[in-house]
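Undergrad: Predicted model follows, preceded by the sequence.
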Amino acid sequence: MNKNKQCLGMVDISDKPITKRRAVAEGTVVFSAKAFQTLIKRGSPKGDVFETAKIAGIMAAKSTPSIIPLCHPLGLEKVRISFEKIVSKKSVKVTAEVLCSGKTGVEMEALAAVAAACLTIYDMNKWMGQDMVILNVRLVHKNGGRSGEFNR
């Protein structure tokens with residue numbers, strides 16, 4: 001292939017073996033002190049922030065090939081979204097764990113889940129102000145497949 005020629009396409013995974021794949025990603029939503037206290041005490045007029053964000057994260061993981069153009073569609077076997085309220089930092093840490101048995105990893109699905117959950121938290125609380133910040137959406141663990149294990 002000519003080095004100057006670009007080829008766009010999905011990676012050929014047809015010869016890869018099916019293995020158990022797991023990825024964990026996280027991200028953080030940081031609030032003002034007043035907005036964080038309001039979230040903890042009253043929630044959002046739109047409804048249950050964390051249940052809605054959980055559903056958004058699961059839907060994003062399942063829809064990853066629709067929003068990331070060259071991702072392979074995968075049969076996800078588990079998507080778990082969890083939230084940790086960190087009072088000292090006026091923040092909520094979002095964690096997503098994704099599992100499947102497949103030929104390619106689930107890192108993008110875990111990252112998409114965290115991003116969508118964080119964006120949903122932002123959306124449901126923007127009535128208190130737009131000074132929230134979404135930080136550090138990142139992969140923290142992955143295993144399975146040829147590249148082995150990764151831990152941050």
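TA: On my side now, so go ahead.

Undergrad: Help me confirm that residue 58 comes into contact with residue 81.
TA: Yes - Residue 58 is in contact with residue 81 according to CB atoms under 8 Å; the separation is 6.4 Å. (C-beta placed from N, C-alpha, C; glycine too.)

Undergrad: higher neighbour count, the two?
TA: Remark: of residue 58 and residue 81, residue 81 carries more neighbours, 24 against 19, as counted by other CB atoms under 10 Å.

Undergrad: give me the number of residues near residue 29?
TA: The tally of other residues near residue 29 (other CB under 10 Å) stands at 24.

Undergrad: brain fart, residue 14
TA: Residue 14 has 6 neighbouring residues, counting by other CB under 10 Å.

Undergrad: Equivalent analysis for residue 125, please.
TA: 23.

Undergrad: show me what contacts it?
TA: With contact taken as CB atoms under 8 Å, 6 or more residues apart in numbering, residue 125 is in contact with 31, 35, 39, 44, 49, 132.

Undergrad: what's the helix or strand for it?
TA: Taking DSSP states H and E as the definition, residue 125 sits inside helix 107-125.

Undergrad: Can you tell me the strand partners of the helix or strand following that helix and which way each runs?
TA: As assigned by DSSP H and E, the chain's next helix or strand after helix 107-125 is strand 133-143. Taking DSSP bridges as the criterion, strand 133-143 sits next to strand 19-30 (antiparallel), strand 150-151 (antiparallel) in its sheet.
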